[in-house]
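J.: Fold the following.
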Amino acid sequence: MRAKAQKRPAKPTRKLRAAKEPRRTARRGRRVDPAARKKAILDAALTVFAERGFGAARLDDVAARAGVAKGTLYLYFKDKETLFEEVVRGVVSPVLERVSALASAPDMPFDKALEALFSMFEREVLGTKRKLLIRLVITEGPRFPRIAELHYRNVVARIMPLIQKLARRPAARGEVASEAIARYPQLIAAPLLTVVVWDALFAKIEPLDVAGFLRAYRRLLTAKPRRSAS
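T.: Residues are numbered from 1 along each chain as shown. Presented below is the predicted three-dimensional model:
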């Protein structure tokens, strides 16, 4: 008897190949750039911290909002405090660069430097999620001194010397009415904090004309010294 010929395995049909292809594509789609994943986690963390406060915020919530597993967070941050500190650094870095550039422009008139500083704050802080960090520190800092310390070390202690440097030149040249502005750079930061607090508490009741308010404050800071009558 003639042996039966063995059947060759059938080639996969187009339909079968098409069914397998999306799976391979999906696997490739799940490959996320580590830097992009870290940025997503930091963005999610800022939102969760702002909504729930530092104490009530959970890493589970951050992971869920970022669309990653909780274990993924620990690949980048060892705990919630480390995550918060990284959020602070990421939020403040672009602002620090701009303030540093202003402080390093010796020929810029003081009024123009303040105008640029206040406009930058209005655009880059008040007009973005960065303002949420300031609100968080104001509300949570007294209960969690550690986050106030982190914010001071990463933000205040780095920005204030730059603002002071910005104010020393006009004070030395006699362009402002008082040298106090050089001794107390908080005088320049004060209206910016006022704007953030007002925006958080009263914006829906009585909106503040931020641009007008900062313009008026700038005029007060740059008022020329009065000449004594001869």
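J.: so how far is the first residue of stretch 63-70 from its last?
T.: 5 Å (Cα to Cα, to the nearest Å).
J.: meant to ask about stretch 73-88
T.: 17 Å.
J.: which outside residues touch that stretch?
T.: Residues outside stretch 73-88 that contact it (Cβ atoms under 8 Å, 6 or more residues apart in numbering): 38, 41-42, 45-46, 49, 54, 57, 59, 62-63, 66, 133, 146-147, 150-151, 154-155. To be clear about C-beta, it is placed using only N, CA and C from the backbone, and glycine gets the same treatment.
J.: just stretch 195-208 next, same as before
T.: Residues outside stretch 195-208 that contact it (Cβ under 8 Å, 6+ apart) are 121, 122, 125, 126, 131, 134, 135, 138, 210, 213, 214.
J.: And the pLDDT for the residue nearest the centre of the chain?
T.: When Cα atoms, centre = their mean is applied to the chain, the residue found nearest the centroid is residue 91 (2.4 Å). pLDDT recorded at residue 91 is 92.
J.: repeat for the one 4 residues further on
T.: If you check residue 95, the pLDDT there is 93.
J.: these two touch, right, it and residue 126?
T.: No. The pair residue 95 / residue 126 is not scored as a contact, 11.5 Å apart, by Cβ atoms under 8 Å.
J.: show me where pLDDT drops low in this structure?
T.: 1-32, 225-230 (pLDDT under 70).
J.: for the contacts of stretch 195-208, which one is nearest residue 70?
T.: residue 135 (26.2 Å; Cβ to Cβ).
J.: Just give the number of residues close to the closest one.
T.: Residue 135 has 15 neighbouring residues, counting by other Cβ atoms under 10 Å.
J.: now it, nearest residue through space, not along the chain?
T.: residue 200 (5.2 Å; Cβ to Cβ, 6 or more residues apart in numbering).
J.: Could you list the domains of this structure?
T.: 32-78, 80-221 (automatic domain parsing).
J.: For residue 142, give its distance to residue 57.
T.: Distance of residue 142 to residue 57, computed by Cβ to Cβ, to the nearest Å: 17 Å.
J.: Give me the more crowded residue out of the two.
T.: Shown here are residue 142 and residue 57; by other Cβ under 10 Å, residue 57 has more neighbours (21 against 9).
J.: picking that back up, burial count for the residue nearest to residue 135?
T.: There are 14 residues near residue 200, going by other Cβ under 10 Å.
J.: follow-up on the earlier one: name the helix or strand for the residue nearest to the centre of the chain, please.
T.: Under the criterion of DSSP states H and E, residue 91 resides in helix 80-103.
J.: Let me know the next secondary structure element after that helix.
T.: Beyond helix 80-103 toward the C-terminal end (DSSP H and E), the next one is helix 110-121.
J.: Now that following helix - C-alpha only, CSV.
T.: Provided in CSV are the C-alpha atoms of helix 110-121 (Å, rounded to 0.1, in the frame of the first residue of the first chain):
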residue,chain,number,x,y,z
PHE,A,110,15.1,98.6,37.5
ASP,A,111,11.6,99.4,36.4
LYS,A,112,12.0,97.3,33.3
ALA,A,113,13.5,94.4,35.3
LEU,A,114,10.5,94.5,37.7
GLU,A,115,8.1,94.7,34.8
ALA,A,116,9.7,91.6,33.3
LEU,A,117,9.8,89.8,36.7
PHE,A,118,6.1,90.5,37.4
SER,A,119,5.0,89.6,33.9
MET,A,120,6.9,86.4,34.1
PHE,A,121,5.3,85.5,37.4
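J.: any idea which helix or strand comes after that helix?
T.: Trace forward from helix 110-121 with DSSP H and E and the next one is helix 130-140.
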